[in-house]
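Engineer: please work out how this folds:
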Amino acid sequence: MCAACSSKSSAAAPSTASTGGMTDNVAGMLAYVTIIPAILFLVIEPYNKSRFVRFHCFQNIFLHVAAIVLWVGLAIVAAVLAFIPILGHLVAFLLWMTLSLGLFIVWIVLLLKANQGQMFKLPVIGDLAEKQANA
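Structural biologist: Prediction:
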């Protein structure tokens, strides 16, 4: 019942429709735990029909690919910086920590947004994920 107008409200939260055994927002959040649930949700029948779950699965897969590319690039930069005696190692360590902390914060934000039922898009990765989810 709506307290303001004394009528029943039938508005449901967006993207939380039940597909199978769990709601879409829980499945979308679990897609970010590791890459394995994301792949499983793209294969398992009730979840691969949901655009919301597919979006978060693809965004997680693309985020993992981007993280691997960044880690390889940073490993190359760290190898070059290793030739600078002390400062090179310090700069490489700070770059590793910045990348790790940044990815961790992005991961937490994506977990929370998916749990809230929002399709939060990362700048480039989100557009790719949306195209794949709509296909």
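
Engineer: CA atoms for contacts and neighbours, from now on please.
Structural biologist: Noted.

Engineer: tell me what the helix of greatest length in the chain is packed against?
Structural biologist: Longest helix in the chain, counting residues (DSSP state H): helix 51-81. Other elements packing on helix 51-81 under the criterion 3 or more C-alpha pairs under 8 Å, 6 or more residues apart in numbering; DSSP states H and E are helix 24-30, helix 35-43, helix 45-48, helix 87-115, helix 125-134.

Engineer: and of those, who's closest to Arg54?
Structural biologist: Closest approach to Arg54 among those is made by helix 125-134 (5.2 Å; C-alpha to C-alpha).

Engineer: against Ala75, how distant is the residue nearest to Val91 when sequence neighbours are not counted?
Structural biologist: Leaving out its chain neighbours, the residue that sits closest to Val91 by C-alpha to C-alpha, 6 or more residues apart in numbering is Leu81, at 7.6 Å. According to C-alpha to C-alpha, to the nearest Å, Leu81 stands 10 Å off from Ala75.

Engineer: over to Ile36?
Structural biologist: As judged by C-alpha to C-alpha, Ile36 and Ala75 stand 25 Å apart.

Engineer: quick one: find the helix or strand in the protein with the lowest mean pLDDT.
Structural biologist: Lowest on mean pLDDT, DSSP states H and E among the helices and strands of the chain sits strand 18-19, with a mean of 47.

Engineer: quick one: residues contacting Phe41.
Structural biologist: By C-alpha atoms under 8 Å, 6 or more residues apart in numbering, Phe41 lies in contact with Ala27, Ala31, Tyr47, Asn48, Val53, Arg54, Cys57.

Engineer: same thing but 6 Å
Structural biologist: Tyr47, Asn48 (C-alpha atoms under 6 Å, 6 or more residues apart in numbering).

Engineer: that concludes my questions; thank you for your assistance.
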